[in-house]
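> Let's see this in three dimensions:
(one chain, ligands or ions: 1)
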Amino acid sequence: MMNRPDPEAIKERYDYVKRRITYACTQAERAVHEVTLIAVSKTFSDSYIRVLYDLGHRDFGENKVQELVTKSDSFQYQPDYNGIRWHMIGHLQRNKTREVIGISDLFHSLDSLRLAKELDKRAEQAKTQQQCLVQVNISGEDSKYGVAPEDLHPFLSATAGFEHLVIKGLMGMARFTDDLEEVRSEFAMLRNLSSTFSGSLGDQGSLDFFSMGMSHDFEVAIEEGATHIRLGSAIFGERAYTNQ
Ligand SMILES: *Cc1c(COP(=O)(O)O)cnc(C)c1O
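This is a model prediction of the structure:
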């Protein structure tokens, strides 16, 4: 982990990202408050998070459960840094479900029924409900996690039976490409799936949230209806590890 943030550089990038979000919202005739910016802090140390917190930012995302637990624990004991909302955005192994319950305000990567069952059980034991998004494999790439679009309907019907999970919407990652029209069609697919299947959840949940868009494609995502965008490098700078 890199331990010495450059607060000026982070502020500059953060301000620039916020201006781009505002502009994209204007273009799409949407209100800025409809889009929650999640700062993806994976691989960056607490000191980076504090810089952004001091600028008023509260939503942070992590893709590895161990890093999420370590950071959320550490901030619990930093009384000046209350009220952080943690988003778990990465694939979770079933044997790690216990650790995210009670930490993750929104779990973005619900990608299998076996995981749903396990999370539901852990949430019940903790006497809580876990808010979740269903990750859909919108790019169709084998390397990506997520429920296949054609399996989404039965998946949603099944999760409607889990009383300790509240499904709030869908999450997707577009293909990593410069072809923005391809990216746009994948994001549009996520939105169309939601309008087709929003009735499948009964009264337990809804599909109002769309977590889509990263540093290289968030403007397209906003145009296609994103309510949550997940940005790492555009805010914190390039990560030292390329495999995350
Ligand atoms: C790392 C990550 C991001 C952010 O990626 P950037 O390209 O740095 O914006 C978003 N979503 C997920 C699931 C990630 O793992």
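> Beta-bridge partners for residue 37, please?
Beta-bridge partners for residue 37, by DSSP bridges, are residue 229.
> residue boundaries of the helices in the chain?
Secondary structure of the chain, counting by DSSP state H: helices at 7-27, 46-54, 65-76, 97-100, 113-125, 152-159, 180-197, 218-223, 233-236.
> burial measure for the residue nearest to residue 14 when sequence neighbours are not counted, as a count.
Spatially, and ignoring its direct neighbours in sequence, residue 14 is nearest to residue 235 (5.5 Å; Cβ to Cβ, 6 or more residues apart in numbering). For glycine as for every other residue, the C-beta is placed from the backbone atoms N, C-alpha and C. Residue 235 is flanked by 24 other residues according to other Cβ atoms under 10 Å.
> before we move on, the earlier item: just tell me which of the helices of the chain ends up closest to residue 139.
helix 180-197 (5.7 Å; Cβ to Cβ).
> Flag every buried residue along the closest one.
183, 184, 186, 187, 189, 190, 191, 193, 194, 197 (16 or more other Cβ atoms under 10 Å).
> Could you report the pLDDT at the residue in the chain that the ligand sits nearest to?
Scanning the chain for the residue nearest the ligand gives residue 232, at 2.7 Å (criterion: Cβ to the nearest ligand atom). Looking at residue 232, its pLDDT is 98.
> what does residue 3 give?
66.
> show me the residues around the residue of the chain closest to the ligand that make contact.
The contact partners of residue 232, by Cβ atoms under 8 Å, 6 or more residues apart in numbering, come to 39, 40, 41, 42, 61, 214, 215, 239.
> Do any residues in stretch 60-75 lie close to the ligand?
Yes: applying Cβ under 6 Å from any ligand atom, one finds stretch 60-75 touching the ligand at residue 63.
> List every C-alpha atom in that stretch, with coordinates, as PDB.
Provided in PDB are the C-alpha atoms of stretch 60-75 (Å, rounded to 0.1, in the frame of the first residue of the first chain):
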ATOM      1  CA  PHE A  60     -16.100   4.400   0.100                       C
ATOM      2  CA  GLY A  61     -15.800   1.100  -1.800                       C
ATOM      3  CA  GLU A  62     -13.600  -2.000  -1.300                       C
ATOM      4  CA  ASN A  63     -13.400  -5.100  -3.400                       C
ATOM      5  CA  LYS A  64     -11.700  -7.500  -1.000                       C
ATOM      6  CA  VAL A  65     -13.300  -8.500   2.300                       C
ATOM      7  CA  GLN A  66     -10.100  -8.500   4.300                       C
ATOM      8  CA  GLU A  67      -9.300  -4.900   3.300                       C
ATOM      9  CA  LEU A  68     -12.800  -3.800   4.000                       C
ATOM     10  CA  VAL A  69     -12.700  -5.300   7.500                       C
ATOM     11  CA  THR A  70      -9.300  -3.900   8.300                       C
ATOM     12  CA  LYS A  71     -10.200  -0.400   7.100                       C
ATOM     13  CA  SER A  72     -13.700  -0.200   8.700                       C
ATOM     14  CA  ASP A  73     -12.300  -1.500  12.000                       C
ATOM     15  CA  SER A  74      -9.500   1.100  11.900                       C
ATOM     16  CA  PHE A  75     -12.000   4.000  11.200                       C
END
